[in-house]
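A.B. asks: using only what follows, build the 3D model:
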Amino acid sequence: MSKLSKKDEKLLACLPSDARDFVIGINQATHSPIALILTCMLTTNSASLGGGSRVIHDGWEVCPNLYGMAVAPSGVGKSSGVKPIIEPLENIQNAYRKIWGEWRLRKLSELEIVSIQLNKINAQIKKSTQDIDEELRTEHARLTAERERLEEITSPQSKPLLTVNDFTEEALSVYTSKQPFHSLYLVTAEGRNVMKIINGRYGGNGSTSETFLIMAYSGDPLSVTRLSRDELIIKAHLSMFVAVQEDVFEDSLRSPIFTQSGFFPRCLITRHAERIKVHPRRVSINPELSFWWQDHLQQNYDYFREEETPKQFAFSSLASKMLREEEEFQVNAVQTKSTIHDSYVARYLENLIKVAVNLHSLHLGIKAIDSPVTPKAISKAITLMRFYRDEQLSILHDSEQKADEALKTRFVDLLAETENASLTLRELKRRNHLSAQECERMTEKYPETFSIEKILSGEKGGRPSVIMHLI
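C.D. replies: The predicted structure is shown next:
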């Protein structure tokens, strides 16, 4: 068996015993990173809760759906680590579709009867030479509405769908709207295409596809309009897990679609830089653990999809107090950092609440709804969230560094084009929209490359100049 690192042991200690043993079993069978498997388990569990549950903290209603992302080079075991986690979903989906298929046949028969009745009324209306009878008009409206309803619920788009691994924003909104509580799970161990789509691969005129994902994280109302159909308004609750290679993630760090839209702050991101290496021999996953996971997901889906009203989780009073204290701690800690960190801290509490509910669910299954989330679950959720927070800080540092390097290159190119390798800060602002603050910050960060000189006005007067030089 592979020896676990102290970091892995700390993460595993946050999980209930069955979940912990299953994650270790997958790790020993596939050598996939513990953090990757754990993150996929959390997001998959959140998908099984779907939009069919809520928790209220200080009057704030939160759905426990989660977004996760794993960054790892080829050969680390992204696909092999994800497969045992999401494999049961196909079996559950197939079972739902079999039931739906039989139900659909009955509804299609109803649709045929309604269509025949409507055709008869249409024939009567067509033959009528006087004003249409009010009773006939009412029956026509009723049958028309019933036919539209039956056509809607029997359309192929309405079949049970638990997961997707690719999307366009419009298709995702349509398919999500057909599912209970507008819930769906976007999951893939090969997320290159998903990241390209988010960044605008299929968008015309530079449009991108992050809006739906951002709105569906918190269940915010989203209106989707197209000329080809009526306006669609939904409150989607999406869960997501995407594993990507390092080069894809590096590209995303240079895109404001990911770094400034609020997409990354919503994600539990784990990054794995280790290279491929020789591991001890693989061992099979304990079938009892695989059965536990299959049964756990099946019960969650059955229980949280069955009613129209979401079920309510609850926090104990001490658990709520711990959430407030952790939020205050994180807000105070960010005051010493740059403002780019603010959007991450703004989502910290929401993600903490979601993680806590999912740990509670992993521990008690469907019985979790009958017991309040305990301080113990909050403590473990805080440990996990601080791990993800550290990962985010590392990503932010890399993002800022890459942005500064790109800005440095731009300054070098602009200054090198001039005769004296110099430009006034006024010219840089007017012609290139580079502020004085950016000029001063880059000079301070790269003193071996740039310098700033202040030239006072001469004998003939005029404004003093501030000049930036390329050394």
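
A.B. asks: how near is Phe263 to Ser343?
C.D. replies: Separation of Phe263 from Ser343 (CB to CB, to the nearest Å) stands at 10 Å. Just so you know, the C-beta spots here come from the backbone N, C-alpha and C atoms, and that holds for glycine as well.

A.B. asks: please identify which of the two sits among more neighbours.
C.D. replies: Phe263 (22 against 17; other CB atoms under 10 Å).

A.B. asks: now the more buried one. Nearest residue, chain neighbours left out?
C.D. replies: Of all residues not flanking Phe263 in the chain, Glu210 sits nearest, at 5.2 Å (CB to CB, 6 or more residues apart in numbering).

A.B. asks: distance of that neighbour from Ile197?
C.D. replies: To Ile197, Glu210 is 10 Å away according to CB to CB.

A.B. asks: just Glu350 next, same as before
C.D. replies: In terms of CB to CB, Glu350 sits 25 Å off from Ile197.

A.B. asks: give me the residues contacting stretch 400-410.
C.D. replies: Stretch 400-410 has contacts (CB atoms under 8 Å, 6 or more residues apart in numbering) with Glu250, Leu253, Arg254, Ser338, Ile340, Leu434, Glu438, Met442, Lys445, Tyr446, Thr449.

A.B. asks: for the helix or strand harbouring the first one, packing partners?
C.D. replies: When elements are assigned from DSSP states H and E, Glu250 belongs to helix 246-253. Packed against helix 246-253 by the contact rule (3 or more CB pairs under 8 Å, 6 or more residues apart in numbering; DSSP states H and E) you find helix 192-198, helix 256-259, helix 375-416.

A.B. asks: try 7 Å this time
C.D. replies: Judged by 3 or more CB pairs under 7 Å, 6 or more residues apart in numbering; DSSP states H and E, helix 246-253 is in contact with helix 192-198, helix 375-416.

A.B. asks: where does Glu190 land in three-state SS?
C.D. replies: Assigned state for Glu190: coil (three-state reduction, DSSP: H, G, I helix; E, B strand; the rest coil).

A.B. asks: wait, I meant Phe167
C.D. replies: Here Phe167 is recorded as coil under three-state DSSP.

A.B. asks: what's near enough to touch it?
C.D. replies: The neighbours of Phe167, taking CB atoms under 7 Å, 6 or more residues apart in numbering as the test, are Leu186, Ile197.

A.B. asks: in the chain, which spans are strands?
C.D. replies: 53-57, 60-62, 67-71, 163-164, 183-188, 222-226, 229-234, 237-244, 267-271, 311-313, 422-424, 450-455, 465-470 (DSSP state E).

A.B. asks: report the angle between the last one and helix 375-416.
C.D. replies: This points to strand 465-470. Our comparison of strand 465-470 with helix 375-416, counting by axes from the mean of the first three to the mean of the last three CA atoms, to 10 degrees, yields an angle of 100 degrees.

A.B. asks: just checking, Thr383 touches Cys14?
C.D. replies: Yes: between Thr383 and Cys14 there is a contact under CB atoms under 7 Å: 5.3 Å.

A.B. asks: of those two, which one has the most company?
C.D. replies: Using other CB under 10 Å as the criterion, Thr383 and Cys14 rank with Cys14 on top: 20 against 14.

A.B. asks: where's that one relative to Tyr388, distance?
C.D. replies: Taking CB to CB, one finds Cys14 at 11 Å from Tyr388.

A.B. asks: likewise Arg271?
C.D. replies: The spacing between Arg271 and Tyr388, counted by CB to CB, is 11 Å.

A.B. asks: the more surrounded of those two?
C.D. replies: Remark: of Arg271 and Tyr388, Tyr388 carries more neighbours, 21 against 18, as counted by other CB under 10 Å.

A.B. asks: what sits closest to Phe249 if chain neighbours are left out?
C.D. replies: The nearest residue in space to Phe249 (CB to CB, 6+ apart) is Val71, at 4.4 Å.

A.B. asks: wait, what's in contact with that neighbour?
C.D. replies: By CB under 7 Å, 6+ apart, the neighbours of Val71 are Val244, Glu246, Phe249, Ile269, Arg271, His272.

A.B. asks: tell me the most packed of those, by neighbour count.
C.D. replies: Each of those was scored for neighbours by other CB under 10 Å, and Val244 scores highest at 23 neighbours.

A.B. asks: show the pLDDT at that residue.
C.D. replies: For Val244, the model assigns a pLDDT of 90.

A.B. asks: how far off centre is stretch 344-356?
C.D. replies: 13 Å (CA atoms, centre = their mean, to the nearest Å).

A.B. asks: low-confidence stretches in the stretch 351-471 of the chain?
C.D. replies: Scanning the stretch 351-471 of the chain with the threshold set as pLDDT under 70 gives 457-462.

A.B. asks: over to the chain?
C.D. replies: Using pLDDT under 70, the flagged stretches of the chain are 1-2, 129, 200-209, 224-230, 254, 256-257, 259-261, 274-281, 457-462.

A.B. asks: in this protein, which residue is most central in space?
C.D. replies: Tyr67 (3.6 Å; CA atoms, centre = their mean).

A.B. asks: from what I see, it and Tyr217 are in contact.
C.D. replies: Yes: applying CB under 7 Å as the test, Tyr67 and Tyr217 come out as touching, 6.1 Å apart.

A.B. asks: anything in contact with each of these two?
C.D. replies: With CB under 7 Å, 6+ apart, Tyr67 and Tyr217 have common neighbours Arg266.

A.B. asks: mark which of the contacts of stretch 400-410 are buried, thanks.
C.D. replies: Buried members of those, counted by 16 or more other CB atoms under 10 Å: Leu253, Leu434, Glu438, Met442, Tyr446.

A.B. asks: which one of these is nearest to Leu364?
C.D. replies: Nearest to Leu364 among the buried ones among the contacts of stretch 400-410 is Leu253, at 38.7 Å by CB to CB.

A.B. asks: tell me the bridge partners for the residue nearest to the centre of the chain.
C.D. replies: Tyr67 has the following beta-bridge partners by DSSP bridges: Met240, Cys267.

A.B. asks: residues in contact with it?
C.D. replies: Neighbour list for Tyr67: Thr43, Tyr217, Met240, Arg266, Cys267, Leu268 [criterion: CB under 7 Å, 6+ apart].

A.B. asks: just put the strands of the chain in TSV and tack on distance to Leu362.
C.D. replies: TSV is the format used below for the strands of the chain (distance: least, CB to CB, whole Å):
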stretch	distance to Leu362
strand 53-57	14
strand 60-62	17
strand 67-71	15
strand 163-164	19
strand 183-188	16
strand 222-226	29
strand 229-234	28
strand 237-244	14
strand 267-271	15
strand 311-313	13
strand 422-424	59
strand 450-455	53
strand 465-470	56
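
A.B. asks: show me how this structure divides into domains.
C.D. replies: Domain assignment for the chain by automatic domain parsing gives 6-97+159-316, 418-470.

A.B. asks: just put the ones you listed in TSV and tack on distance to Ile116.
C.D. replies: Shown next, in TSV, are the domains of the chain (distance: least, CB to CB, whole Å):
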stretch	distance to Ile116
domain 6-97+159-316	25
domain 418-470	68
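
A.B. asks: highest mean neighbour count out of the ones you listed?
C.D. replies: Burial of the domains of the chain is given as mean neighbour count (mean count of other CB atoms under 10 Å); domain 6-97+159-316 ranks first at a mean of 19.

A.B. asks: right, I'll call it a day here.
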